[in-house]
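J.: Okay, here's the prediction I keep looking at, along with the sequence it came from:
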Amino acid sequence: MDSLPKGIKGIIGPSILSADLSKLTDESRRLLDAGADYLHLDVMDGHFVPNLTIGHPVIKCLRKNIPKVYFDAHMMVAKPEQWIEEMAGAGVNQYTFHIESTTKESMPEIIRKIKEADMKVGLGIKPKTDISVVEEYINDIDVVLIMTVEPGFGGQKFMGDMMEKIRWLRKTYPQLLHIEVDGGVSTKTIDDCAQAGANMIVSGSALIDSKQPDKDIEQMRNLIDENLKSKKLHLQITNNEHCSH
Ligand SMILES: O=C(CO)[C@@H](O)[C@H](O)COP(=O)(O)O
Ligand SMILES: [Co+2]
């Protein structure tokens, strides 16, 4: 997959945070060969979250080895506006920044710059942030990322009480945008995510450590699609501008 689907369908994006980062290309290829749809690249600066991971130089090298796949950069950084051009230049397709990392005044400019850099706009919401904060940006973004762990580390416990945010979002804006869920997602927690209406699934340690990633990826995607179909949500995204820019 090299772009967001035009419809709301189940897509699985492994987070590489828990992978052996000394073999990032091999680990990424292994999960893509197992059927993953995209890659979720956790970028952490040690300020927005108490951890440090990779930046645009590493992503640029990964892109050379993996030319086509959709890269979703999860920007857990204190100054999201600072890295837009670098990440676009490194080959990122979706720039997912956190609403908690910027100000209301800066939001329109950041969203505009991401679109000008020809990337999709993802807006991340931490567990303690109320979902209502996304409303004023809902027509300008492509993806809402609902964190089901406190950002900063892989391998944490899934926060099931975040499903309420996904249910509200999918009920209020049924076909407007993609809803991505990230943190502690596995074959054990995917059912909650599917029933709530999520369609973009980030799974890190569960897939990295899985003995059967192909079966797990297929199981997660099928559950998502079954739920979307049952809610008649697997249709064309209604707000066509999301598909054009
Ligand atoms: O952004 C983050 C953590 O801050 C996530 O992408 C995690 O890295 C997902 O890993 P698991 O919770 O699935 O192990
Ligand atoms: Co992430």
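T.: Alright, I've got the coordinates. Only a predicted model underlies this, so the values are computations on that prediction, with no experimental measurement involved. Ligands and ions are numbered 1, 2, ... in the order given.
J.: Which strand or helix spans residue 146?
T.: Residue 146 is part of strand 143-147 when elements are defined by DSSP states H and E.
J.: hmm, I was thinking of residue 30
T.: Counting by DSSP H and E, residue 30 is found in helix 24-33.
J.: returning to what we had before: how about the very next helix or strand once past the strand holding residue 146: buried residues?
T.: Proceeding N to C from strand 143-147, the next assigned helix or strand is helix 163-172, under DSSP H and E. Within helix 163-172, the residues scored as buried using 16 or more other CB atoms under 10 Å are 163, 165-166, 169-170. Glycine gets a C-beta too; all of them are placed from N, C-alpha and C.
J.: again with stretch 86-99
T.: 87-88, 90-99.
J.: just the residues you listed that are near ligand 2?
T.: Filtering the buried residues of stretch 86-99 for proximity to ligand 2 (criterion: CB under 5 Å from the ion) leaves nothing.
J.: out of the residues you listed, which are inside strands?
T.: 94-98 (DSSP state E).
J.: Now flag whichever of these is closest to ligand 2.
T.: residue 96 (7.8 Å; CB to the ion).
J.: My guess is that closest one contacts residue 70. True?
T.: No - using CB atoms under 8 Å as the test, residue 96 is too far from residue 70 to be in contact (11.9 Å).
J.: Run through the bridge partners of the residue in the chain that ligand 2 sits nearest to.
T.: As assessed by CB to the ion, ligand 2 sits closest to residue 74 within the chain, at 3.6 Å. Beta-bridge pairing of residue 74 under DSSP bridges involves residue 42, residue 96.
J.: how far away is it from residue 139?
T.: Counting by CB to CB, to the nearest Å, the gap from residue 74 to residue 139 is 22 Å.
J.: Of the two, which one has the most company?
T.: A count of neighbours by other CB atoms under 10 Å puts residue 74 above the other of residue 74 and residue 139, at 27 against 12.
J.: Next, the contact list for the more buried one, please.
T.: Counting by CB atoms under 8 Å, 6 or more residues apart in numbering, residue 74 touches 15, 40-43, 96, 122, 124, 145, 182, 202.
J.: Also residue 181?
T.: 145-146, 148, 162, 166, 193, 198, 200-202.
J.: Greatest separation within those: which pair is it?
T.: Within these, two members stand farthest from each other by CB to CB: 162 and 200, at 14.5 Å.
J.: Of those two, which one has the most company?
T.: Taking neighbours as other CB under 10 Å, residue 162 and residue 200 compare with residue 200 leading, 31 against 24.
J.: Can you pull the phi/psi pair for the more buried one?
T.: Per-residue torsions, residue 200: phi -110, psi 120 (degrees, to the nearest 10).
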